[in-house]
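> predicted model and sequence follow; I will ask about them next.
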Amino acid sequence: MNEYYQAQQVEDKWQRIWADLGCDQASDAPDDARPGYYCLVMFPYPSGNLHMGHVRNYCLGDAVARYKRMQGFNVLHPIGWDAFGLPAENAAIKHKRPPAEWTYANINQMRGQLKRLGLSYDWSREIATCHPDYYRWEQWMFTKLMEKGLAYQAEAEVNWCDPCHTVLANEQVVEGTCWRCDTPVIKKNLKQWFIRITDYAEELLADLDGLSCSDGGGWPEKVIGMQRNWIGKSKGTEVSFGLENSGETLDIFTTRPDTLMGVTYMAVAAAHPLAKKAAEGNSELTAFLDECSKISTKEADVETMEKKGMDTGFYAIHPISGGKIPVWVANFVLMGYGTGAVMSVPAHDQRDFEFAKKYGLNIKQVIAPVDGDWDIEAAAFTEAGILLNSANFDGLSSKEAKKSITEYLAENGKGSERVQYRLRDWLVSRQRYWGAPIPVIHCDDCGAVPVPENQLPVELPTDLQPTGGASPLTECESFKHADCPKCGKPAIRELDTFDTFMESSWYMNRYTSPRNQDAMVDAAAIAKWAPVDQYIGGVEHAVLHLLYARFYHKLMRDAGLFTSEQGGDEPFKNLLTQGMVLKDGSKMSKSKGNTVDPNAIIERFGADTARLFTLFAAPPEKELEWNDAAVEGAHRFLKRVWRLLEKLDGEPVDRDTEEDAAAVKALRLDIHATIKKVSHAFEHGFAFNVAIAALMELSNSLQAFEPQKEAGHAAFREGLQALAVMLIPFVPHFACEIGERLGMNNIAVLSDWPQVDETALVQDEITLVVQIQGKKRGEITLPKDAGQDDALAAAQSDVSIAKWLRDMQIVKVILVPGRLLNIVVRPQ
RNA sequence: GCCGGGAUGGCGGAACUGGUAGACGCACGGGACUUAAAAUCCCGAGAGCAUUGCGCUCGUGCGGGUUCGAUUCCCGCUCCCGGUACCA
């Protein structure tokens, strides 16, 4: 007799056994013939507590990793800590303890929680990004980028968050507010460090095509689309307008050079030099520019914002007609996109139209619809069409005109074809303490000098106490001062630290040789493991982390750390973005008070129940609604499987009947159909909810089965064993325990994934659904090799079907083998 | 506005390539066991109509279409979710 299922005991036992076996470790042994598979989950920020989002993420990853191991792969499934960042500083201020202490304590806490879940990580590869052995390579890389001119310092208008006391990258500004604290960001002109991601815009865009894959692999179209939009490539023409009484030019970018002859005014951003020049001695204009600079960038405000402008008094000279065109300042022109100036064609752009109407500016139509008329005073015509009022270009189509106008401008040195990206260089410096120091020394004579390799890492002092204002590094005399590596004179260290997205941009590659002291990564290890076969994490990183990591991977490749053949051009082959965990319809959050503590669930039901529920309740990419009752349901399922063991207790009864033989055959069909289904879920889209449902069905079949004689016992045992083995990826402790109690030769986690016995899938008899006019009217059972005539005859002799055929003429018969028979009739 | 995804019972969700709609689970109802309850097991269940039994009609957001047959394909909408934008 088996005692009842005690999760805690079972889980402790198997976690010890697995640790002793070392079965979760990826093997770098050269003689290991197994193919490699790299399964990666997004590493957590060590906030101190695991939340349900983590649990979901890591259970998904663990299911994949365990399945692949059972398939005979040598699996790399690592974990670590994204350990630098602002919350540590905020906690440090609150608790008056250095952030390092807080961070390492949290790591210890969370490591325990992950281990309690029984996740099959290779703990020997654990990394923490706040460790100098990690960030030294990031610093090294940065100095290489400086040498190549890919990292640079520049004064620019940047996003500043006051509460966070730091600048932010464009990607970290969400609807005009800080991604961390939701405070509206302020535009400031500051000297900051950038990395030239724009140099890689074209490759980052082009390689997205290779990530697109329709059969459930690759990346979700959604994420690809978001990145495409973010990079924002547009093709157009740069046009150089002259300025009256000046040698200068006013350059603009347009995607509609075909409308060039319709320009009636120019509009420049408030921050444009020309606007500033015009404002000198003009108090009214100065006040307007001031007003523009204070505009909130919040979406809601932007939408309702009135389009405003003022005449600068300057005139531009049309590059073709030579005509005078007034230059205005407009609050809707952005300094950060293109050249900060636009040509305005009110006849063919809705926004320009509204602006022209408001300020009484000319509207000149230069494009006519291909057919029909257009009242240009009523609305802008924004489609392509045929040119008019455009001198030599009259009669051309928009498409032809774009080409010939651009050619004409190029011949006259007034413009050229140009590609414009929305993407801007990555701002990587932060005015924060708890981050990797930027490895630069500022010398009065030599300027910004990279720290030489033999002086790396530039270690962050870990004993400083942040106070909430400026970074304590600015007052740390022992850190601040250094000799210039070039001339040896006393100099000052760079006091900013890196954006923490720098660390998470290359951790996937570091895991392949995490303890490497000689290089950032080992090319051989990269060749063995990279790129990541399956990456799993939250969709919130669609643009931020996933764009930076793609970029950084290419930077590493181009730094010669590995070749395309070794590490690929992309870091993540397949991406699964899991949905959020909800409670009562909204995202779990402390402020809403609707959080569910994973520890409480584990304590009450065990890790396996928590794992099973999170995988079963919804498909991975969809939102998961937390449901306490359904958690109990998951637990009940495990208890039911446990009780199946009891059915093997009795002695086999020797009773050989035909019914028994049929039941055995039916059970074996169930077993192997289930193996097929569950394997399919792993190979196509990770629909674990469906896979688990199939396993529940098998469990129900086993429960209904009465193992009567030897053959019955064997079939039952086969089924229960297959069930246990297939449960490994989802509830590994439980499955191992069942396997052991069944007397399996091998520990279940080390078993091979079960093979489908195709002969078991062959049925002697098949059930056909019979339809009349496409409506189900009955079922017939036939020998498996019966043809259409047999099927029709059987249908006609079935009472409940025959009544639909009475007085009817059969027009057509359709047989879908193994599925259905449809009879089309009409009245005689 | 644009891009992406979605709409199926009381709920979460299934349905291969056009072939039995609602698997599996939750909640619910009935029964067994029990002095009783919990636990467990068995049965039922889309809606409506009919009912002694057999049964019939409707039904996958809405309106059309293709087809022997449509949750699935095509055309036209509605609504919801996510992303993004004065992008020139």
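The structure has been received and is ready for your questions.
> contacting residues around the most centrally placed residue in chain A?
Chain A has A:Ala542 as the residue nearest its centroid, 3.9 Å off, counting by CA atoms, centre = their mean. By CB atoms under 8 Å, 6 or more residues apart in numbering, A:Ala542 lies in contact with A:222-223, A:226-227, A:577. C-betas here are computed from N, CA, C, even on glycine.
> could you dump those residues into JSON lines and include distance to RNA strand B?
Below are the contacts of A:Ala542 laid out as JSON lines (distance: CB to the nearest atom of the strand, whole Å):
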{"residue": "A:Lys222", "distance to RNA strand B": "3"}
{"residue": "A:Val223", "distance to RNA strand B": "8"}
{"residue": "A:Met226", "distance to RNA strand B": "4"}
{"residue": "A:Gln227", "distance to RNA strand B": "9"}
{"residue": "A:Thr577", "distance to RNA strand B": "10"}
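> mind checking how far the residue nearest to A:Leu50 when sequence neighbours are not counted is from A:Arg180?
Spatial nearest neighbour of A:Leu50, chain neighbours left out: A:Gln113 (4.4 Å); criterion: CB to CB, 6 or more residues apart in numbering. Look at A:Gln113 and A:Arg180: by CB to CB, to the nearest Å, they are 24 Å apart.
> for PyMOL, what selects the buried ones among the contacts of A:Ala542?
Selection of the buried residues among these in PyMOL, burial being defined by 16 or more other CB atoms under 10 Å:
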select buried, chain A and resi 223+226+227+577
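> quick check: closest non-adjacent residue to whatever residue of the stretch 701-828 of chain A ends up closest to RNA strand B.
Residue nearest to RNA strand B within the stretch 701-828 of chain A: A:Gly774 (2.7 Å; CB to the nearest atom of the strand). Closest residue to A:Gly774 apart from its sequence neighbours, by CB to CB, 6+ apart: A:Asn822 at 6.1 Å.
> and if you look at A:Glu354?
A:Lys307 (6.1 Å).
> for A:Met696, same thing?
Nearest to A:Met696 is A:Phe637, by CB to CB, 6+ apart, at 6.0 Å.
> please name the residues that touch the one you found.
Per CB under 8 Å, 6+ apart, neighbours of A:Phe637: A:612, A:696, A:699.
> contacts with RNA strand B among these, please.
With CB under 7 Å from any atom of the strand as the criterion, the contacts of A:Phe637 include A:Met696 near RNA strand B.
> neighbouring contacts of stretch A:91-105?
Residues contacting stretch A:91-105 (CB under 8 Å, 6+ apart): A:46, A:48, A:81, A:83, A:88-89, A:128, A:130, A:433-434, A:462-468.
> and the one helix or strand the residue nearest to A:Met696 maps to, which residues are buried?
Under the criterion of DSSP states H and E, A:Phe637 resides in helix A:628-644. Neighbour-count burial for helix A:628-644 flags A:631, A:633-635, A:637-638, A:641-642, A:644 (criterion: 16+ other CB under 10 Å).
> stretch A:246-259 now?
Those would be A:250, A:252-254, A:256-259, for stretch A:246-259 by 16+ other CB under 10 Å.
> also stretch A:348-359?
Neighbour-count burial for stretch A:348-359 [16+ other CB under 10 Å]: A:348-349, A:351-356, A:359.
> among the residues you listed, which are within reach of RNA strand B?
Applying CB under 7 Å from any atom of the strand to the buried residues of stretch A:348-359, those adjacent to RNA strand B are A:349, A:351.
> farthest pair within the buried residues of stretch A:348-359?
A:His348 and A:Tyr359 (17.6 Å; CB to CB).
> which residues touch the residue nearest to A:Leu50?
A:49-50, A:598-599.
> and it, helix, strand or coil?
Under the three-state scheme (DSSP: H, G, I helix; E, B strand; the rest coil), A:Gln113 adopts helix.
> that one and A:Ala88, how far apart?
The value you get for A:Gln113 to A:Ala88, if CB to CB is used, is 18 Å.
> same question for A:Pro369.
Counting by CB to CB - A:Pro369 and A:Ala88 are separated by 61 Å.
> quick check: next helix or strand after the helix ranked longest in chain A?
Counting residues, the longest helix found in chain A (DSSP state H) is helix A:658-683. Reading on from helix A:658-683 to the C-terminus, the next helix or strand found by DSSP H and E is helix A:688-704.
> packing partners for that next one?
In terms of contacts (3 or more CB pairs under 8 Å, 6 or more residues apart in numbering; DSSP states H and E), helix A:688-704 is packed against helix A:607-616, helix A:628-644, helix A:658-683, helix A:710-727.
> rebuild the contacts of A:Gln113 as JSON lines, extending it with distance to A:Val521.
Shown next, in JSON lines, are the contacts of A:Gln113 (distance: CB to CB, whole Å):
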{"residue": "A:Asn49", "distance to A:Val521": "32"}
{"residue": "A:Leu50", "distance to A:Val521": "29"}
{"residue": "A:Pro598", "distance to A:Val521": "33"}
{"residue": "A:Asn599", "distance to A:Val521": "36"}
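> now for the closest residue to A:His318 other than its chain neighbours: which residues touch it?
Here the nearest residue to A:His318 in space, its sequence neighbours aside, is A:Ile325; by CB to CB, 6+ apart that works out to 5.8 Å. Contacts of A:Ile325 were listed using CB under 8 Å, 6+ apart, and they are A:241, A:263-266, A:315-318.
> can we see that at 10 Å?
A:241-242, A:244, A:250, A:263-266, A:314-318, A:343-344, A:362 (CB atoms under 10 Å, 6 or more residues apart in numbering).
> what confidence value was assigned to it?
Per-residue confidence (pLDDT) for A:Ile325: 95.
> wait, does the helix or strand harbouring it contact RNA strand B?
Using DSSP H and E, A:Ile325 sits within strand A:324-330. No: using CB under 7 Å from any atom of the strand, strand A:324-330 never reaches RNA strand B; the gap is at least 8.0 Å.
> I'd guessed A:Thr767 sits against A:Ala791; true?
No: the pair A:Thr767 / A:Ala791 is not scored as a contact, 11.2 Å apart, by CB atoms under 10 Å.
> out of those two, which sits in the busier spot?
For A:Thr767 versus A:Ala791, neighbours defined as other CB atoms under 10 Å are more numerous around A:Ala791 (21 against 12).
> so the closest residue to the more buried one other than its chain neighbours: helix, strand or coil?
Once flanking residues are discounted, A:Ala791 sits nearest to A:Leu821: 4.8 Å by CB to CB, 6+ apart. Classification of A:Leu821 using three-state DSSP returns strand.
> which positions in the stretch 51-200 of chain A make contact with RNA strand B?
Residues of the stretch 51-200 of chain A lying near RNA strand B (CB under 7 Å from any atom of the strand): A:174-175.
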